[in-house]
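Engineer: need a structure here:
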Amino acid sequence: MSALQMPATPPSPVQIFNTVQGYQRAFALKAAVDVDLFTVIAKGNRTAAEIAKNCNAAERGIRILSDALVVMGFLTKSGNNYSLTPDTAFFLDSRSPAYLGLAFKFLLHPTQLGHFEHLTAAVRNGGSSNEDTTLAPDDPIWIEFAKGMAPMMMPPAQAIADLLGGELSARPSVKILDIAASHGLFGITVAQRLPKAHIYALDWANVLEVARENAAKQGLTDRYHLLPGSAFDVDYGAGFDAVLITNLLHHFDPSENEKMLKKAHAALNPGGQVIILEFVPNEDRVSPPVPAMFGLTMLGNTPKGDAYTLAEYATMCRNAGLEAPRLVPLEPMPESLVVARKPF
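Structural biologist: Alright, predicted model coming up:
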């Protein structure tokens, strides 16, 4: 394009610089969490001097960080006083039950960051190399995930419990398999909704300790059973009314997912349901933004994982013998449920 053919809106490099420097925004938010800045403000400290004193940090550092957080939309400013936004008050005040600060240990783990430093290689290879993945059973990152991500999973856990509660509440006994149980919140929430339900939680042994502790805190020890190991190798057993597969299938290619879904099909009673929790982009793969971008996360972090569309999950389910796959949106949360049933 020549200089005489400039578009009506002149080109701007702002988005390019904002993207290249995006890591600064991530670490600014992490720094605020590290010094507990949002909690300190929530307690009534408003000026940089007050916040700095209670964060045990330099006033200059707090002022510059807080101003940046205003620009980023995480704080508001009136005169010299800073305040939380509704989102930061709900998710980043460490006293909130929805506190997400612990999730930063997983989301900004050095291994996660290292994957994206080598994203060019993943693009050329079509995925990360096996040596670079974080799927090892004893990798501490999964403990960080289990402890940090639970608050974010409260809405989908409640949605799953609501979905199963209406259908299974009248049964004299209920048996639920929770694959990739992690923190245990999904199965625990179902057990709280269904007092006769027994939950069988499957995950790596070290991660299941987190789930076991959380179940014990809710008085569910007698109804919470552990199945340690790989979802591809462990014998699921039989007689389940529902199988939950949460935040797991995105790690693998469709053929591997179909193997797992066939095992789930075999473990279900006739009429039982598989409930899949995932980021599910539209068929155009560029909307909505968060599910669409999740494909890039899988490209950088896994050899063959992806963010699959409903049509792709439907094909996997049908190939595994499951019928009537459907999408259950969980707005405003970015994930959705894919629900399919074993024929009667």
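
Engineer: then stretch 300-309 to PDB, C-alphas only?
Structural biologist: Taking C-alpha atoms only, stretch 300-309 is exported to PDB below (Å, rounded to 0.1, in the frame of the first residue of the first chain):
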ATOM      1  CA  GLY A 300       1.900 -24.700  23.700                       C
ATOM      2  CA  ASN A 301       1.400 -27.200  26.500                       C
ATOM      3  CA  THR A 302       0.500 -30.600  25.000                       C
ATOM      4  CA  PRO A 303       1.700 -32.700  22.100                       C
ATOM      5  CA  LYS A 304      -1.800 -33.200  20.600                       C
ATOM      6  CA  GLY A 305      -4.400 -31.400  22.700                       C
ATOM      7  CA  ASP A 306      -6.900 -28.800  21.400                       C
ATOM      8  CA  ALA A 307     -10.000 -26.900  22.200                       C
ATOM      9  CA  TYR A 308     -12.700 -29.000  20.500                       C
ATOM     10  CA  THR A 309     -16.000 -27.800  19.100                       C
END
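
Engineer: Can you give me the buried ones in that stretch?
Structural biologist: Burial within stretch 300-309, assessed by neighbour count using 16 or more other C-beta atoms under 10 Å, is assigned to Gly300, Asn301, Thr302, Pro303, Gly305, Asp306, Ala307, Tyr308, Thr309. C-beta here means a position set from N, CA and C on the backbone, and glycine is covered the same way.

Engineer: Over to stretch 45-65?
Structural biologist: Within stretch 45-65, the residues scored as buried using 16+ other C-beta under 10 Å are 45-48, 50-52, 54-55, 57, 62-63, 65.

Engineer: And for the lowest-mean-pLDDT helix or strand in the chain, what's in contact with it?
Structural biologist: Of the helices and strands making up the chain, the lowest-confidence element is helix 141-149, at a mean of 82, by mean pLDDT, DSSP states H and E. Contacts to helix 141-149, defined as C-beta atoms under 8 Å, 6 or more residues apart in numbering, come from residues 100, 102-107, 109, 111-112, 134, 182-183, 204, 206-207, 210-211.

Engineer: roughly how far is that helix from the heart of the chain?
Structural biologist: For helix 141-149, the distance from its own C-alpha centre to the chain's C-alpha centre is 10 Å (C-alpha atoms, centre = their mean, to the nearest Å).
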